[in-house]
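> pasting a predicted model and its sequence here:
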Amino acid sequence: MTRKLTPKQRKFADEYIKSGNAADAARKAGYSERSARSVGQENLTKPDIKQYIDEQMAEIASKRIMDATEAVELLTSIARGETKETVYIGTADGVYEKHKEADLKTRISATKEILKRYPDNNKLVEQQIRKLKADADIAEAKARIMNASTDSTEAKVSEYLDKLDDVLGGDSDGN
């Protein structure tokens, strides 16, 4: 049966976790300057204090280190475009903050990383990659259309919408 730590011992252990220095932790916990070094080393040999430190360090490590499931979940959210990044855009009017999803190359890369972990889903994966590549091609075509014109922004947008309308097979009135 383990006994509870005294408040002073708990303070020592918490300070030791922060600094990694037993003498400094002993001083901060309230032990005398003169005995801090020896008391600090002695406290580290006490099973209850050692166990408390080990438990706290394990808890800290589990919170700070990503496990495999969390890594795959992050890759999945990137591949799906759910994870947004903040981009700052400087214009003559000032600086604007924009949240955007990952670019398609990053999404494809995330998909490939996921697939490395699940090699048996080839048909589904091939279709997903094909779709992402098509999305990337569309995005590049849109960028070319926007950059090809030397007209004003309004004219570029109008031209872009006309070409997009042609691709989609509808009319510009949304009918």
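Yes, it's here.
> Ile49 contacts Lys4, correct?
No: the criterion here is CB atoms under 8 Å, and Ile49 misses it with Lys4 at 11.2 Å. In short, each C-beta sits where N, CA and C put it, glycine included.
> neighbour count for those two, which is higher?
Just comparing Ile49 and Lys4: by other CB atoms under 10 Å the higher neighbour count belongs to Ile49, 19 against 9.
> what helix or strand does that one sit in?
helix 47-64 (DSSP states H and E).
> for Ala26, same thing?
Using DSSP H and E, Ala26 falls in helix 22-29.
> with Gln41 instead?
Assigned by DSSP H and E, Gln41 belongs to helix 36-45.
> flag every buried residue along that helix.
36-37, 39-40, 43-44 (16 or more other CB atoms under 10 Å).
> same deal with stretch 17-33?
Here stretch 17-33 shows 22-29, 31 as buried, counting by 16+ other CB under 10 Å.
> quick one: contacts of that stretch?
By CB atoms under 8 Å, 6 or more residues apart in numbering, the residues outside stretch 17-33 that reach it are 8-9, 11-13, 15-16, 35-37, 39-41, 43-44, 53, 56-57, 60.
> and for stretch 131-146?
Contacts for stretch 131-146 (CB under 8 Å, 6+ apart): 79, 103-105, 107-108, 111, 156, 159-160, 163-164.
> give the rounded mean pLDDT of that stretch.
Averaged over stretch 131-146, pLDDT sits at 82.
> how about it as CSV, C-alpha atoms only?
Taking Å, rounded to 0.1, in the frame of the first residue of the first chain, the C-alpha atoms of stretch 131-146 are listed here in CSV:
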residue,chain,number,x,y,z
LYS,A,131,-10.3,12.0,-57.9
LEU,A,132,-7.7,14.1,-56.0
LYS,A,133,-5.6,14.4,-59.2
ALA,A,134,-8.6,15.5,-61.2
ASP,A,135,-9.4,18.1,-58.5
ALA,A,136,-5.7,19.2,-58.7
ASP,A,137,-6.0,19.5,-62.5
ILE,A,138,-9.2,21.5,-62.3
ALA,A,139,-7.6,23.9,-59.7
GLU,A,140,-4.5,24.4,-62.0
ALA,A,141,-6.8,25.1,-65.0
LYS,A,142,-8.7,27.7,-62.9
ALA,A,143,-5.4,29.3,-61.9
ARG,A,144,-4.2,29.4,-65.6
ILE,A,145,-7.5,31.0,-66.6
MET,A,146,-7.2,33.6,-63.9
